[in-house]
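J.: give me coordinates for this.
(2 chains)
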Amino acid sequence: QKEVEQNSGPLSVPEGAIASLNCTYSDRGSQSFFWYRQYSGKSPELIMFIYSNGDKEDGRFTAQLNKASQYVSLLIRDSQPSDSATYLCAVRGSNYKLTFGKGTLLTVNP
Amino acid sequence: NAGVTQTPKFQVLKTGQSMTLQCAQDMNHNSMYWYRQDPGMGLRLIYYSASEGTTDKGEVPNGYNVSRLNKREFSLRLESAAPSQTSVYFCASSEAGGQPSGANVLTFGAGSRLTVL
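T.: Numbering: from 1, shown residues only, chains lettered A, B, ... in the order given. As a prediction, this is how the structure comes out:
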């Protein structure tokens, strides 16, 4: 069973702080890694994807991938109340299927 | 841009009834997927279609059937609904389902909330 693990949270940070969301995966042959954001009652929407070791930055968001440690993270700088949502880590494994973690609920307090 | 359109948005069924969830995408994507989302369980893949004419089971296929009607449309059928199938169902599509790239990115529909009594 290919697994993707995330802390369920809730993760609570003050406005302006850095939020750090973490994800580990079990399939060492995994190839692509995605972060989706899901507001309550809405569908998931892509924030970023990464498939090479290292960091990838897009505005206030940075994805970090470490394949040796089977670990991917998402950093949100200058967190805003509008960032409050559930963040889903998704991993495309060696069988090409996409597996989602259960998500981390982030709350940004004004 | 419509993107991925699912119908219906809400449905209430009685145990044993059947229904079909419809999904259509207008992005010329090759791959289409059906997920269900339950509290505490995350998104779980029911079935997917890597390309027109092919379908494959995901993590939780029991009690469901699918049809890839054409490149645009991918339907999910519940033949005999059970209370355990009460969930929010999401259809999604991607340009490709193979090699790692941005083409793997999923675009989701708005979701269909199904309640089975």
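J.: low-confidence regions, chain A specifically.
T.: A:1-2, A:96 (pLDDT under 70).
J.: so which bits of it are right by chain B?
T.: Taking C-beta under 8 Å from any C-beta of the partner chain as the contact definition, chain A meets chain B at A:8, A:31-32, A:34, A:36, A:42-46, A:49, A:51, A:88, A:90, A:92, A:96-103. Just so you know, the C-beta spots here come from the backbone N, C-alpha and C atoms, and that holds for glycine as well.
J.: show the buried residues in the residues you listed.
T.: Among those, those classed as buried by neighbour count (16 or more other C-beta atoms under 10 Å in any protein chain shown) are A:31-32, A:34, A:36, A:43-44, A:46, A:49, A:51, A:88, A:90, A:92, A:96-103.
J.: hmm, B:S112 and B:V12 touching each other?
T.: No: if you go by C-beta atoms under 8 Å, B:V12 and B:S112 don't touch, sitting 11.7 Å apart.
J.: what about the two, which has more around it?
T.: Set B:V12 next to B:S112 and count neighbours by other C-beta atoms under 10 Å in any protein chain shown: B:S112 wins out with 23 against 11.
J.: secondary structure element holding the closest residue to the more buried one other than its chain neighbours?
T.: The shortest distance from B:S112 to any residue other than its chain neighbours is 4.6 Å, reached at B:Y89 (C-beta to C-beta, 6 or more residues apart in numbering or on different chains). Assigned by DSSP states H and E, B:Y89 belongs to strand B:87-94.
J.: and the next element down the chain from that strand?
T.: strand B:107-108.
J.: report all helices and strands that that next one contacts.
T.: Contact partners of strand B:107-108 among helices and strands, from 3 or more C-beta pairs under 8 Å, 6 or more residues apart in numbering or on different chains; DSSP states H and E: strand B:87-94.
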